[in-house]
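Return a 3D structure for these sequence lines:
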Amino acid sequence: MIALLQRVNRAHIRIEGLVHASIEQGLLAFIGVEKNDSVETAEKLLSKLLAYRIFTDAEGRMNLDVKDIAGGLLLVSQFTLAANTNKGLRPSFSSAMPPADAEQIYNHMVAAAKQNYEFVESGKFAADMKIELENDGPVTFILKVLA
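Below you'll find the model as predicted:
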């Protein structure tokens, strides 16, 4: 399972022109589900997201996690993260989990996030989403948890 994690000052998602979800300071996490992933993989990645220390403390060091700053967590499904880009000029999605199964795992991750943290928003699986964000830093990481 893959997450592209961005520290943001704010982010919001529009679906069909309407704001679907928004956060202020916090984490925007694009989530890619691969073939061998499971709900356990999703829970491991979620634990890592919530504990990942990328917010600055009083000394300017990245020592605080999203919970420490009471920041928002915005989860967005993005199957293109599971693409294989090693050959040619067109990505292959052979390592991505089929949509119906990936949706179940993504929805489980969102539900678990909402059970474990107060400030969680999410996109809509497989929707055409327009995402606006202000990256803080910029600070961007790729996190990968193996199944």
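
residues touching the residue positioned nearest the centre of the chain, list them.
Geometric centre of the chain, nearest residue: A29, 2.1 Å, by Cα atoms, centre = their mean. The contact partners of A29, by Cβ atoms under 8 Å, 6 or more residues apart in numbering, come to A3, L4, L5, Q6, L49, L73, L74, L75, V76. (C-beta placed from N, C-alpha, C; glycine too.)

Then A11?
Applying Cβ under 8 Å, 6+ apart, we find A11 in contact with S22, I23, G26, L28, G72, L74, I131, E132, L133, E134.

Take those and write them to JSON lines, including pLDDT.
What follows is the contacts of A11, written out as JSON lines (pLDDT from 0 to 100):
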{"residue": "S22", "pLDDT": "98"}
{"residue": "I23", "pLDDT": "98"}
{"residue": "G26", "pLDDT": "98"}
{"residue": "L28", "pLDDT": "98"}
{"residue": "G72", "pLDDT": "98"}
{"residue": "L74", "pLDDT": "98"}
{"residue": "I131", "pLDDT": "98"}
{"residue": "E132", "pLDDT": "98"}
{"residue": "L133", "pLDDT": "98"}
{"residue": "E134", "pLDDT": "98"}
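
Which members of these occur in strands, if any?
Among these, the residues falling in strands (DSSP state E) are S22, I23, G26, L28, G72, L74, I131, E132, L133, E134.

partners of the last one in the sheet?
Read it as E134. R10 (DSSP bridges).

now do the third one
Taking DSSP bridges, one finds V8, G72 as the beta-bridge partners of G26.

My guess is it contacts L5. True?
No. G26 is beyond contact range of L5, at 10.6 Å (criterion: Cβ atoms under 8 Å).

out of the two, which sits in the busier spot?
Neighbours per residue (other Cβ atoms under 10 Å) separate G26 from L5, with G26 holding more: 24 against 21.

for the more buried one, what are its contacts?
R7, V8, A11, V66, I69, G71, G72, L73, L74, F119.

Now do the contacts for K48.
L143, V145.

that older thread, mind putting the contacts of G26 in TSV, distance to I142 included?
Below are those laid out as TSV (distance: Cβ to Cβ, whole Å):
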residue	distance to I142
R7	13
V8	16
A11	18
V66	17
I69	22
G71	20
G72	20
L73	17
L74	17
F119	23
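
ChimeraX command to pick out the buried ones of the residues you listed?
Remark: buried members of the contacts of G26, expressed as a ChimeraX selection using 16 or more other Cβ atoms under 10 Å:
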select :7,8,11,66,71,72,73,74,119
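
Appreciated, that's everything.
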